[in-house]
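Colleague: Got a predicted structure plus its sequence, pasted below:
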Amino acid sequence: MSAPTHTRSLPPGPRAHAAAGAGARLHWWALALPVLAFSCLLLLLPGSGEAHAATGEVSSPMQVVTQILRAVG
């Protein structure tokens, strides 16, 4: 009685990885979330030179961010 033999497959070469990566797709939020975070940070930069003590006054970039958060939430 003979035992079944298993053939050992070789790992795929570099061309197989490139072909598999070309067909890979990202979700829409995988690109949208970093872009949104980066743009929010850029909006906060101009207001950083006008830093004041807590006077209750809100800078214009923060007003934009709060309006966006109100619209989304």
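Modeller: Nice, I can see it. On a predicted model such as this, the values are computed, not experimentally measured, just so you know. Residues are numbered from 1 along each chain as shown.

Colleague: C-alpha only now, for contacts and for neighbours.
Modeller: Will do.

Colleague: Downstream of the lowest-mean-pLDDT helix or strand in the chain, the next helix or strand is which one?
Modeller: Sorting the helices and strands of the chain by mean pLDDT, DSSP states H and E puts helix 14-22 at the bottom, at a mean of 59. Of the helices and strands lying after helix 14-22 in sequence (DSSP states H and E), the nearest is helix 28-44.

Colleague: What sits closest to Val65 if chain neighbours are left out?
Modeller: Spatial nearest neighbour of Val65, chain neighbours left out: Cys40 (7.5 Å); criterion: Cα to Cα, 6 or more residues apart in numbering.

Colleague: could you measure that neighbour against Thr66, distance?
Modeller: Cys40 sits 11 Å away from Thr66, going by Cα to Cα, to the nearest Å.

Colleague: more neighbours, those two?
Modeller: Cys40 (15 against 12; other Cα atoms under 10 Å).

Colleague: Would you quantify the distance from that one to Leu26?
Modeller: Applying Cα to Cα to Cys40 and Leu26 gives a distance of 22 Å.

Colleague: what about Val65, neighbour count?
Modeller: That count, for Val65 with other Cα under 10 Å as the rule, works out to 14.

Colleague: Could you report the pLDDT at it?
Modeller: Note for Val65: predicted pLDDT of 83.

Colleague: tell me what the host helix or strand of it is packed against?
Modeller: Using DSSP H and E, Val65 sits in helix 60-72. Packing partners of helix 60-72 (3 or more Cα pairs under 8 Å, 6 or more residues apart in numbering; DSSP states H and E): helix 28-44.
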